[in-house]
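Enquirer: Curious how this folds, go ahead:
(chains A, B, C and D)
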Number of protein chains: 2
Amino acid sequence: MDPFSNAHRPLYEIKANLFKGVAHPVRVRVLEVLSRSPDVSVGDLMTDTGLEASHISQHLSVLRRHHLVVAERRGSQVFYRLAYPQVADLLTVSRVLLMEILETTQQQLESTMNLSDLESPVPAPQLDGARP
Amino acid sequence: MDPFSNAHRPLYEIKANLFKGVAHPVRVRVLEVLSRSPDVSVGDLMTDTGLEASHISQHLSVLRRHHLVVAERRGSQVFYRLAYPQVADLLTVSRVLLMEILETTQQQLESTMNLSDLESPVPAPQLDGARP
DNA sequence: TCTTGACTTGCTCAATTCATCCATTCGCTT
DNA sequence: AAGCGAATGGATGAATTGAGCAAGTCAAGA
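Expert: Predicted coordinates:
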């Protein structure tokens, strides 16, 4: 309601909202494309990802609302770029963390395999937090 | 189903899943507490956040599934800590980005205020991506 | 062993998010 | 000014997620 109320929210709520903005495969893909090359048109993103126009547009609108990207119209096309270079940092750090997780999880998986002949099967570790 | 299928998913899906794991105010709070002080019991988190036991436990379970925290039982209590130091990095980078966003948005807000007597009111910028 | 404190899990319903389809707007060209 | 390509904005049903309780597990002490 009140446009100022946002600023009065606790920081951890706003922060959680930021993560929500990135928490979708399509949006991650888009941000990664924009991290590599600025000035990408929606058409480029469509061919890059093979997704339908309105589908991408929806997600671009989410990213705009979260102030993660900015759009600029040039002629009949709309070009997008990251709103801040720190957005790319966020992606980078998450990739580093993810690699760490995948690595150790892989090791746990291997040691589980070595025991599998001796003991009853242990539930394999989840790699991405999805429910079974 | 197949325990290996996770590893075969495209990386951007797993990454989006990682962000989903953090994308909740309570979980952000918990991770921030754990970033500052390791070895925090669930009871500590309850008093820290003022939330109900089962509520916190649900979110801790999500964080565990996403490999962001690990639990260790000592006697009758359960202690949690970050699974990787890089989790704290993720929080740090997001805070930096958030500050950047809030700062520029605040500036835009101020220049909007200066024009408000001359022009028709411009919709105030959203600070956190929430819909009106 | 019965209880008590410390957590966790299961369940149900409300709220949010997502994918798809359709209508609309904006520039450009003819 | 009519049509076309590019992109955005609903609107709807399906699928996820979250909150609030109730019930269950686990270890230590009486």
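Enquirer: contacting residues around residue A:90?
Expert: Applying CB atoms under 8 Å, 6 or more residues apart in numbering or on different chains to residue A:90 gives the contacts A:22, B:90, B:93, B:94, B:97. To be clear about C-beta, it is placed using only N, CA and C from the backbone, and glycine gets the same treatment.
Enquirer: Can you tell me how far it is from residue A:43?
Expert: In this structure, residue A:90 and residue A:43 are 26 Å apart, going by CB to CB, to the nearest Å.
Enquirer: Residue A:21 now?
Expert: Distance, residue A:21 to residue A:43, using CB to CB: 23 Å.
Enquirer: the more surrounded of those two?
Expert: Ranked by neighbour count (other CB atoms under 10 Å in any protein chain shown), residue A:21 and residue A:43 place residue A:21 first, with 24 against 14.
Enquirer: Got phi/psi on that one?
Expert: With angles defined as degrees, to the nearest 10, residue A:21 shows backbone torsions of phi -60, psi -30.
Enquirer: Relative to residue A:94, how far out is the nearest residue to it once chain neighbours are set aside?
Expert: Leaving out its chain neighbours, the residue that sits closest to residue A:21 by CB to CB, 6 or more residues apart in numbering or on different chains is residue A:66, at 3.4 Å. Relative to residue A:94, residue A:66 is positioned 16 Å away (criterion: CB to CB).
Enquirer: Ok, residue A:61 next?
Expert: Between residue A:61 and residue A:94 the distance is 22 Å, computed by CB to CB.
Enquirer: Comparing those two, which shows the higher neighbour count?
Expert: residue A:94 (24 against 12).
Enquirer: Touching, that one and residue B:19? I think so.
Expert: Yes. Between residue A:94 and residue B:19 there is a contact under CB atoms under 8 Å: 6.9 Å.
Enquirer: what about the residue nearest to residue A:24 when sequence neighbours are not counted, how many neighbours?
Expert: Distances taken as CB to CB, 6+ apart place residue B:16 nearest to residue A:24, at 5.4 Å, with adjacent residues excluded. Close neighbours of residue B:16, defined as other CB under 10 Å, add up to 22.
Enquirer: The helix or strand hosting residue B:16 versus helix A:11-22: what angle between them?
Expert: In the assignment (DSSP states H and E), residue B:16 maps to helix B:11-22. Put simply, helix B:11-22 runs at 160 degrees to helix A:11-22, going by axes from the mean of the first three to the mean of the last three CA atoms, to 10 degrees.
Enquirer: I'd like the next helix or strand past helix B:11-22.
Expert: Next helix or strand after helix B:11-22 toward the C-terminus (DSSP H and E): helix B:25-36.
Enquirer: so what does the helix or strand following that following helix touch, helix or strand wise?
Expert: Under the assignment DSSP H and E, the closest C-terminal helix or strand after helix B:25-36 is strand B:40-41. Here strand B:40-41 touches strand B:77-82, going by 3 or more CB pairs under 8 Å, 6 or more residues apart in numbering or on different chains; DSSP states H and E.
Enquirer: Pull out the buried positions in the next helix or strand after the strand it packs on.
Expert: With elements assigned by DSSP H and E, the helix or strand that comes after strand B:77-82 is helix B:85-115. Of the residues in helix B:85-115, B:86-91, B:93-94, B:97-98, B:100-102, B:105, B:112 count as buried by neighbour count, 16 or more other CB atoms under 10 Å in any protein chain shown.
Enquirer: In those residues, which has the lowest confidence score?
Expert: Of all those, residue B:112 carries the smallest pLDDT score, 65.
Enquirer: What residues sit buried inside stretch A:58-73?
Expert: With burial defined by 16+ other CB under 10 Å, the residues of stretch A:58-73 counted as buried are A:59, A:60, A:62, A:63, A:64, A:65, A:66, A:67, A:68, A:69.
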